[in-house]
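1. I would like the atomic coordinates for the input below:
(one chain, ligands or ions: 1)
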Amino acid sequence: MYDREKMKEGKATLEIGKKKIKLDILKGTEGELGIDISQLRAKTKLITVDEGYCNTGSCISDITFINGEKGILRHRGYGIEALAENCRFVEVAYLIIYGELPTPKQAQNFSLLLEKHSDLHSSLINHFEGFPPDAPPMAIMSAMLNATMCLHKELLNTSSKGKVFDNTAAHLISKVRTIAAWAYRKANGLTFNHPNPFLKYCENFLHMMFSMPYNEYVVHPDVEKALNLFLILHADHEQNCSTSSVRLVGSSHTYLFSSVSAGVCALWGPLHGGANTAVIKMLTDIHKTGKKLSHYIEMAKDKDNDYRLMGFGHRVYKNFDPRARILKKQVDKMFESLQIDDPLLEIAKKLEEIALTDDYFIERKLYPNIDFYSGILLRTIGIPKEMYPVLFSIGRMPGWISNWREMLMQKHPIGRPRQIYNGPAPRDFPIDKMNK
Ligand code: ACO
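-> Here you go, the predicted structure:
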């Protein structure tokens, strides 16, 4: 919880005609500064305009720090590199939600809670049966999160602390993995595997995805490690499109499950969590057509063409995305240890090499983002591309939960941006359309 008074660091002066008003400048723990405009409309009747919220801080948060210019990402003060090197996803989830790394006892209790809430209510099987086999798994994910609440009335709460919150959060982190695996099984005409209480978080997910009757899926340690890493690297990313959606929806005091179901929908788009699927589609297309890479680079640079180099560019990172760097290393390691040869990886590496030396990409500071290599990693694990955003949503769950909780604990007002109306001026209703 922050103390606004202690964050004040001088004033900014805004001049509107002959009027001058002073606005507080707030300073965060990493030295970043923001002008507090919360009283602007009350004092001046003016609003600010900032499409895409490129310059707007929507909250003051303790969870994640990003410095896009320097390529820094930290959760609760810990660098992403250290978390990726030393933690499992479940520990990072705990850190993001509760603020500290778990003690051994806390880790054990958290795992027990996840295990307790991992299975889906038996009635939910009927819901899955109702989806056609080609139903988009992100639609299934979003729908099933809301459906789960219909069968667990205890989830219809807005508690942000205590046992009720702990259980709701654990239901979510654990069940999202089961819903994801069942969406995959449904699409492939396979029976559903229930969670196995003796398996760890990632092993259990892979078991539910890939175990067959009388043929238990054996998890390769490198594959488990890669999946853990993928989820850790997606665990939170401050006020991105989906997290902001979760906060905005939750600000009307809607339940955690329905708020994150909105997050899933926001994540689905190709400019956000759908980018990893788009990258694989792009690389496959390049491989199939056999056209020169320069052809695709030129298309991406052409202002009259909507084509973009998927997996490149980021709203915040104007330097290498630190997550992309970590993931690329893991992909290389995995390919070596599992002796995999994937032509798409070669294409991706060459594409990156060309783009990083091209003036267009250099001038705009367009570097590979996490999605450039994450699809290749998931493909190696055997996960089909339609499922990539679903895997992203499993990873992002701790961030969504933590942001929803923080917003409630800070007692945020309901989110309600303003606009400048630029439509027709008042006009008379046409006589010929009037009721006779
Ligand atoms: N390929 C080619 N040109 C690009 C790309 C790209 N991938 N990304 C940005 N540009 C260009 C734009 O055309 C624009 O050029 P201009 O200044 O000449 O008009 C300039 O770079 C700035 O781009 P914006 O779209 O204004 O940047 P913004 O911050 O709004 O968008 C975004 C960021 C959406 C990620 C964008 O870079 C993009 O579409 N990338 C491809 C999709 C992608 O990989 N998304 C995943 C993001 S990471 C995540 O969600 C986990």
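2. Show me what from this structure comes close to the ligand.
-> With Cβ under 6 Å from any ligand atom as the criterion, the chain meets the ligand at residues 271-272, 275, 300, 308-315, 364, 366, 369-371. Any C-beta I mention is one placed from the backbone N, CA and C, and that applies to glycine too.
3. Mind checking which of these are buried?
-> Among the residues of the chain next to the ligand, those classed as buried by 16 or more other Cβ atoms under 10 Å are 272, 275, 300, 308-314, 366, 369-371.
4. shaky segments in this protein?
-> In the prediction, the chain carries no residues with pLDDT under 70.
5. domain ranges for the protein?
-> Split into domains by automatic domain parsing, the chain comes to 4-48, 113-269+398-409, 275-381.
6. among the ones you listed, which is the most enclosed?
-> Highest mean neighbour count of the domains of the chain: domain 113-269+398-409, a mean of 19 (counted as mean count of other Cβ atoms under 10 Å).
7. Distance from the chain centre to that domain, please.
-> Relative to its chain's centre, domain 113-269+398-409 lies at 13 Å (Cα atoms, centre = their mean, to the nearest Å).
8. and residue 277, what is it in contact with?
-> Residues near residue 277 by Cβ atoms under 8 Å, 6 or more residues apart in numbering: 270, 375, 385-386, 388-389.
9. contacting residues around the closest residue to the ligand within the chain?
-> Using Cβ to the nearest ligand atom, residue 313 is the residue of the chain that sits closest to the ligand, at 2.3 Å. Residues in contact with residue 313 (Cβ under 8 Å, 6+ apart) are 364, 366-367, 369.
10. Can you show me the CA trace of stretch 214-227 as CSV?
-> This file holds the C-alpha atoms of stretch 214-227, laid out as CSV (Å, rounded to 0.1, in the frame of the first residue of the first chain):
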residue,chain,number,x,y,z
TYR,A,214,-2.7,-47.3,-20.4
ASN,A,215,0.1,-45.0,-21.6
GLU,A,216,1.1,-42.5,-19.0
TYR,A,217,3.0,-39.5,-20.4
VAL,A,218,6.6,-39.5,-19.2
VAL,A,219,7.8,-35.9,-18.6
HIS,A,220,11.3,-35.2,-19.8
PRO,A,221,13.0,-33.0,-17.2
ASP,A,222,14.1,-30.5,-19.9
VAL,A,223,10.5,-30.2,-21.1
GLU,A,224,9.2,-29.6,-17.5
LYS,A,225,11.9,-27.0,-17.0
ALA,A,226,11.1,-25.3,-20.3
LEU,A,227,7.4,-25.1,-19.4
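11. what comes into contact with that stretch?
-> When contacts are defined by Cβ under 8 Å, 6+ apart, stretch 214-227 is touched by residues 200, 202-203, 205-207, 209-211, 330, 333-334, 337-338, 377, 380-381.
12. Identify those among those residues that sit within helices.
-> 202-203, 205-207, 209-210, 330, 333-334, 337, 377, 380-381 (DSSP state H).
13. Contact partners for the closest residue to residue 83 other than its chain neighbours?
-> Distances taken as Cβ to Cβ, 6 or more residues apart in numbering place residue 92 nearest to residue 83, at 5.4 Å, with adjacent residues excluded. With contact set as Cβ under 8 Å, 6+ apart, residue 92 has these partners: 75, 83, 231-232, 235, 398.
14. Show me the residues you listed that map onto strands.
-> The strands, defined by DSSP state E, take in residue 75 from those.
15. Just flag the most distant two among the contacts of residue 92.
-> The distance between the two most remote of the contacts of residue 92 (Cβ to Cβ) is 13.0 Å, for 75 and 231.
16. one step back: gap between the residue nearest to residue 83 and residue 435?
-> Computed with Cβ to Cβ, to the nearest Å, the distance linking residue 92 and residue 435 is 63 Å.
17. can you give me the strands for this protein?
-> 8-16, 19-27, 33-35, 64-67, 72-75, 78-79.
18. Dihedrals phi and psi, residue 69?
-> phi -70, psi -40 (degrees, to the nearest 10).
19. Near it, how many other residues are there?
-> Neighbour count for residue 69, taken as other Cβ atoms under 10 Å: 11.
20. residues contacting it?
-> Residue 69 neighbours (Cβ under 8 Å, 6+ apart): 318-319.
21. Please apply the same query to residue 123.
-> Here residue 123 is in contact with residue 151 (Cβ under 8 Å, 6+ apart).
22. and the two most separated of the ones in helices among the contacts of stretch 214-227?
-> By the measure Cβ to Cβ, 207 and 333 form the most distant pair in these, at 23.2 Å.
23. now residue 291: how far from residue 375?
-> Computed as Cβ to Cβ, the residue 291 to residue 375 distance reads 20 Å.
24. likewise residue 155?
-> 32 Å.
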